[in-house]
Structures are given as C-alpha cells and as structure tokens.
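the following comprises the amino acid sequence and a computationally predicted model.
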Amino acid sequence: MIYLDNCATTKPRIEVINEMALAMENNFGNPSSLHRLGLYAENALKEARISVANFLGVSEREILFTSGGTESNNLAIQGALKARRGNHIITTKIEHPSVINTIKNYESKGYSISYLENDDQGRICLESLKNVLTKDTALVSIIHVNNEIGTIQDLEAISKIILESGTTPFFHVDGVQSFGKISFSLKKCNIDSYSFSAHKIHGPKGVGGLYLNKDSRIAPLFYGGNQENGLRSGTENLPSIMGLKKAVDIISISGEYERNSINELRNYLIKLVTENINDIKVNSPIDKTGSPYILNISFKDIKGEVLLHYLEEKAIYVSTASACSSKGKNKSHVLKAINLDEGLMDATIRICFSYENTLEQMEIFVKVLKESVTDIRSIIMRR
Amino acid sequence: MDRVISLSLGELMLKGKNRKYFEDQLIRNIKRALRNSSEYRIYKEQGKIYIEGFENKEDAIIPKLEKIFGIIYISKCIRTSTSIEDIREASLIAVKEKLQGKKVLTFKVEATRANKNYPLKSTEICPDVGEYILEHVENLSVDVHNPEIFVYIDIKKHAYIYIDRTKAYGGFPIGTNGKGLLLLSGGIDSPVAGFLMAKRGVEIAGLHFHSYPFTSERAEQKMLDLASILSIYTGPIKIYSVNLLKIQKEINQKCAEDEMTIISRRFMMRIAERLSEENNYNALITGENLGQVASQTIGSINVINRVVNMPILRPLIGMDKQDIIEWAKDIETFETSIIPFEDCCSVFLPKHPLTRPKVEDIEKSESNLEIGALVEEALENIKVHYIK
C-alpha cells in the first residue's frame, strides 16, 4: 500500500495507539473527581497540555482541548464574534468548509464579509487586506496552510498589516494543515487563536485543540461543567488527549527531520511526474510558500476520480478535490479561486505525504500513474 | 379467549386445486420473515391463515407481515369458543378496545359462519351481539348502512372477532411464479420493477453492471443497499456484479459514438441470458419505461430484444415516472436511489444516442467486435454477493 492521502487523515503511530490503550486501562478517572483517580487523570491532562504548549511555544494556560479542527474553528470564530462588537468579517476564498460555512452563517445575521483576493497559487493579496480592514472588523480568519493546494500564508506580514492599520480585530488562524508541519511562531504573529487536530499528525481522530492567547476573549458555545476554563464544557477525552500528546512528543523530536525528507520526497515526485507525463499542471506553490506535504496536480483530459480509482486498484491512495460530475456541481471552491481552467477542475488529484512514504514508493507511484493516465486519455480523447 | 393474527389470502383463493401449494409456499415465506421471533404457531383454518403467540406484540409483527406477498388483509383477532356467550363477551372487549380515547358513534356487526351446523344463523347472531354491545356501552348506536366501525365475527372451529384490518400488497407468494433475473442499476426504476414482479410471485436474483474504475465502489455499495431493501419483500437475493468496462472500451474504439448505449445494452442482455441459462432463471426483468431515455424507445427495445431468446419482463413499461416514484417511496427505495453519485461513466454516454436504431446497422457495427469472447471474459470476472 502507498498511502498518499495524508491531508484527509494519517495512520496513527503505534506509540499513539499504545499510549491511548494505557490511558484507558490505567487512567480512566474523571479529572474533575476529588479522589485520587481524578487527581491522576488531572495530572495526565496537565502533562498533555504542557507538551502541546511547549511544542507551540506558548503557555499551557493558552491550550484548550476540543474534539478536533471543526470544533476548534467554530469555537474560535463563533466564540470571538459572540464576545465582540463589530459586524465585519475578513477571510479568504480558500478556507476549509468548517470556516467558510461558519462565517457564511453570519451573513444572514447582519454581518458583512470581505473575501481577500489571491494569486493563481493561492497567496492572498496583502494590499487587499489593507483596503478592507475597518474599525468595524470583528474577525480576521485565515487558513495557514490551504488543505487542497498547500499554499502557506505569510502570517507575520498579515499580522503586521493588522497592527499598522490601528484596528483590533480578533485574528484566528486555521492551523489544521500546518500544525506540526510548518515551523513558525504564534507569538511573533500576534495570533489570537490557532486551531489544530490530532489525526493529521498521526494521532487519533476526534481530538484536537485551540491555542487561545491569554489576553484574547471568546465566549463558550455550550455550557456544562466548565472544563477547559469554562470555554469547552464536557468531561475531557483523556485517552485521545494522551494520544495527541504522544503524537506531538514524537514530532517535537523528529519533526524537522521528517519535514526535510518530505520536502525531498515532494521535489523528487515533481521531477518524476514532469519527466514522465505530459500535459500536466502543478497547482501547488513549490517554493517556500508551499507546504511540502501537499502536491496538487492536474492532468489534461483525465477525470480525477477515475484516476483515483485506477490508482486504488494498485493500492495507491490519493484524493480529488472535486467529485466527478458532468453537471458542474461539486467543483472545488479553492481551484475556482486560483482560476484553474474549467477543463482541469475535475482533472485534478491531491497527493499528501507522510514520514512513512519513501523515494522508492514515488517511483512505483509514477509508473502506475503514467500507465493510468495514458489508458484514461486513450479512452477519453476518443470521445 | 386468545389473541391471534389473521391473514386473508386475496388472489390465492382463486387457485382451486393448486391452492395448497400456494398456501404452503406462503407459510414458508411467513416463517422466514418471522425467523427471529420467539415461539409462535401458524395454522390454516378454512381459507385464512392464523398466527398465535404474539399477544401484545402485534404492532411489531404486523409491519413484517404486510411485506409478504400473497396476503391481502391482516387483522388482530380475539379467538374464543363458538358459544354465543363467549362471542358476545369477546365482541364487547373488541369494541371497548377500539373505543379507547376515540369517539365512535355507530357500528354494525357482521357475522359469517363457515360452520353451517352452528345453531344460530348469521342473521340471528348479528342482532344478538349488537344488542349486547348496546347494553354495555354508552353513546353508541347501530347503523347498518354506513357504520363507522364493523365488528366482524367469523365462526369456524373457533370464533374469531375483529374490528380493524390492515391492507397488505396482495399478489402471490414469492417462489410460486418462477425465477427472474433483475437488471439492477442503482436508479429509481429497477428496484420498483423487481418489487412488482416479486409481487406476482417471481423469485428475484439481481444483475448489476459497473465500469470500475470509471465508477466507484460506493456506487456498487448503493446498489447493494437497494437490493437489501428489496430483499425485505423478496427474501434473500443473489446479486451478480459484472464489470462492463472492457466491453465499453471495445465499443468505444470500434463502433460509432451514437451506438454506444444500444450496443452496451445488447451486451448486458447477452450476459444476462447466459447467466440465466446456467442458473435456471426463467425471465429477465428490467426497469425500462417507454420513452424515458433514448434506449427505451420501441425501436431500441426491438433491437435489444433481438439478442436473446427468453422473455424480458418490463413491468414499468407503461407507467408514468411519477407513478414509479410513488412506488419507490412506498417500498422505501427512493431515498437510497436518489443519493447522488459521480457519473464518471458519462464518459461513455454519447452526446446524441440513437433513438431509432436499425437492427442491420447495429449488427454490422458489432461484427467488428469479438462478441463471444467479450461475453465470456465478462462472465469469468463476475462477482457474486448474497443479500441476507
């Protein structure tokens, strides 16, 4: 098996699985219980919080655990808007649905929304940000690494523009595809909140978190036992949080090495694909503004989903941004936003790497890819 | 006094000498539908089938019985001895249960005696029981012309008293009218076609064509989900799944673009016939519906029929789409049928498919293809699924 869909989800590391089993077996107490079992659970929770905080270079008081990326984005966006005046929101055209659909919901509540312009590789236009910031702006929400094409936004430059504008919006960053994969400083970028998810970094599904700057205020979305500083009620999901901790502990040691080898892997794959297959278009930025983990490529005259199934037959797993459709539905909003040719929209696949992929796998992959593309083209071009 | 469920048998009653065969098949089907239930007993008594052992659980069992073909009405009955005292008492209980919380003002008693030796005639039983009910229930009167409720009394070896009856689908018990191979796509029509033929007693097997990797495994799963809903009515279904891609690729290369659909269809029929020969299916069943799409014109049907020598049953042929949809909703396949799926297979859809194909033209085009070998290859790679 060659698994290249690591933006959808990653395979949990065996250490993560063991850690979670141990937590369930030996540390099942409720952190809120007054007895000793509660204390043990609370201590484990505290350790997990410290691990994540250290990894992000922030204080442990600034980490909230949640059920994952979608909840964290909702908590930040809705929580900030609940706690603030101002009825203007700034975001990009290439957000994840958990941000875009949350923000769209505020349109009907009387908010106005500005979508920042971007270039043909998804880099947002900083000038357009200057032009739309106003005293009414309550929220700026930016995806750090785009999940379909891998564009990295320049958070430092963005925060500088916000600071210089004299306005004080809440600055949220969707970090689901950047957490553990891009090194940067939350503090330097004046970020109010940053969302992350465990299952994108070989942790378990159903757990993630939100960095919330200690000086930033949000309101909770639901009420209960006031866990997580009253911002996220509900008994803490300790086994999963311990799994998240383990995944973070591992990348804090091996992360840099993994990033470098994945960078090499991506460059090798681009070289192989370009040399072996014609009529392709690489949609991801391949300089320092692109995440090495994500490579989005269009193949003229193929259907992405058909190619996906051809590859799956050979136990190679990738994804498409758009479902195959003749009716023009299900087109990717991200590919639209980077002005990709209409004809290439569903001729596109996304390849996402992990530490488990090897250079040899890339060679096998390109061989199968070439055969598949050739076969599909021979069928489709005849029509 | 016991509680039983009675089943009336509709068209089966007309079967004369063969009736026992139909009834026995129906009882086998009932036993299969109730196979996960606790202890119960089924018996026949003068034209009806009775089930005992489900007291207070009737409302969970009746929906299962409603889906068994061959049954036309289902009733919750009180069974008593045939003494007039017991009949009166049971009738009163039935009326009181019916009245609970509801306002009913008029009723009529209707009695039949299969047992002609019974000392009272029907015309004597009705007023007797009616009077007894009137004496014991307030605000009720008899209306012999237009009553709100009927109190039915069947006098046989036992007496059976009931008020409401649930209408079921009727038809014939599955397995009493041969075996059919249903071409099952994933759309709205084919499950309805299968249902309607099953309702006439035909045992159903399914044949599905896909074009993987041009179609996804999820589309095949959707077809299996539909088959699984259908199997609630038909019993276990064996599904054959055939990959048509190789054949489509050949047609794509060697035949005219606008002939794609009709020639594919002919291949499907050839494959279906071969499977039928090997597995003793007596007929093919399709969801074709005249005029719905290009391959469903009379001209196309003629060209399609030419390749097989067995009956092709098309129960939807004269129905309106809306009526088919109503059936699909009724049998609860509609919601699954309309789940949208990628239509990558549209790669093979001609822009303007032939609506008036000529047999000679199509045969000439097909002479470019190794028909026998392609059919054999498709059959060799067949996948079989068993639903339940």
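Noted; the coordinates are in hand.

list the buried ones in stretch A:100-111?
Along stretch A:100-111, these residues count as buried under the neighbour rule (16 or more other Cβ atoms under 10 Å in any protein chain shown): A:100, A:102-103, A:106, A:111. Backbone N, C-alpha and C define where each C-beta goes, glycine included.

repeat for stretch A:143-158
By neighbour count with 16+ other Cβ under 10 Å, stretch A:143-158 contains the buried residues A:143-155, A:158.

and residue A:11, helix, strand or coil?
What DSSP: H, G, I helix; E, B strand; the rest coil gives for residue A:11 is coil.

is it true that it touches residue A:356?
Yes - here residue A:11 reaches residue A:356: they are 7.1 Å apart, a contact under Cβ atoms under 8 Å.

give the residues shared as contacts by those two.
Both residue A:11 and residue A:356 are in contact with residue A:3, where contact means Cβ atoms under 8 Å, 6 or more residues apart in numbering or on different chains.

now whatever residue of the stretch 201-350 of chain B ends up closest to chain A, nearest residue through space, not along the chain?
Of all residues in the stretch 201-350 of chain B, the one sitting closest to chain A is residue B:213 (3.1 Å; Cβ to the nearest Cβ). When the adjacent residues along the chain are set aside, residue B:213 lies closest to residue A:309, with 3.1 Å between them (Cβ to Cβ, 6 or more residues apart in numbering or on different chains).

am I right that that neighbour is in a helix?
Yes - note on residue A:309: a helix contains this position according to three-state DSSP.

hang on, the earlier thing: mind listing what the residue of the stretch 201-350 of chain B closest to chain A touches?
For residue B:213, the contacting residues are A:306, A:308-310, A:312-313, B:245, by Cβ under 8 Å, 6+ apart.

switch to 6 Å and redo it
Shown in contact with residue B:213 (Cβ atoms under 6 Å, 6 or more residues apart in numbering or on different chains): A:306, A:309-310, A:313.

report pLDDT for the closest residue to chain B within the stretch 201-350 of chain A.
Checking the stretch 201-350 of chain A residue by residue against chain B with Cβ to the nearest Cβ singles out residue A:309 as nearest, at 3.1 Å. Per-residue pLDDT puts residue A:309 at 94.

neighbours of it, just the number please.
Counted with other Cβ atoms under 10 Å in any protein chain shown, residues neighbouring residue A:309 total 20.

how is the chain divided into domains?
No chain specified, so I'll use chain A. Residue ranges for the structural domains of chain A, counted by automatic domain parsing, are given in the record as A:2-7+A:254-380, A:14-250.

meant chain B, my bad for not saying
Under automatic domain parsing, the residue ranges defining each domain of chain B are B:2-167, B:179-387.

which of those domains is buried the deepest?
Comparing the domains of chain B by mean neighbour count (mean count of other Cβ atoms under 10 Å in any protein chain shown), domain B:179-387 comes out on top with a mean of 19.

what's the end-to-end length of that one?
Taking Cα to Cα, to the nearest Å, the span from the opening residue of domain B:179-387 to its closing residue is 16 Å.

swap in stretch B:7-21?
Terminal residues of stretch B:7-21 are spaced 17 Å apart (Cα to Cα).

now it, how far from the chain's geometric center?
Between the mean C-alpha point of stretch B:7-21 and the mean C-alpha point of its chain there is a distance of 17 Å (Cα atoms, centre = their mean, to the nearest Å).

and what of stretch B:127-147?
For stretch B:127-147, the separation from the chain centroid amounts to 39 Å (computed by Cα atoms, centre = their mean).

what lies in contact with that stretch?
When contacts are defined by Cβ under 6 Å, 6+ apart, stretch B:127-147 is touched by residues B:88, B:91-92, B:95, B:106-109.

try it again at 10 Å.
Contact with stretch B:127-147 is made by B:84-85, B:87-92, B:94-96, B:99, B:103-111, B:120, B:126, B:148-149, B:151, B:153, B:161, as judged by Cβ atoms under 10 Å, 6 or more residues apart in numbering or on different chains.

look up how far residue B:193 lies from residue A:56.
The gap separating residue A:56 from residue B:193 is 60 Å, by Cβ to Cβ, to the nearest Å.

cool, residue B:283 as well?
Using Cβ to Cβ, one obtains 12 Å as the distance from residue B:283 to residue B:193.

list just the nearest of the buried residues of stretch A:143-158 to residue A:223.
Top of the list for closeness to residue A:223, among the buried residues of stretch A:143-158 and by Cβ to Cβ, is residue A:143 at 29.1 Å.

tell me the bridge partners for that closest one.
Per DSSP bridges, residues listed as beta-bridge partners of residue A:143: residue A:174.

next, format the buried residues of stretch A:100-111 as CSV and append secondary structure, distance to residue A:365 and pLDDT.
CSV is the format used below for those (DSSP: H, G, I helix; E, B strand; the rest coil; distance: Cβ to Cβ, whole Å; pLDDT from 0 to 100):
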residue, secondary structure, distance to residue A:365, pLDDT
A:100, helix, 31, 96
A:102, helix, 36, 97
A:103, helix, 37, 97
A:106, helix, 42, 97
A:111, coil, 45, 97
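
so which of those comes closest to residue B:5?
Within these, the smallest distance to residue B:5 is 52.9 Å, found for residue A:102 (Cβ to Cβ).

which ones are touching that closest one?
Each residue near residue A:102 by Cβ under 10 Å, 6+ apart is listed here: A:70, A:73-78, A:81, A:89, A:91, A:95-96, A:141.

those also near chain B: which ones?
With Cβ under 10 Å from any Cβ of the partner chain as the criterion, these include none near chain B.
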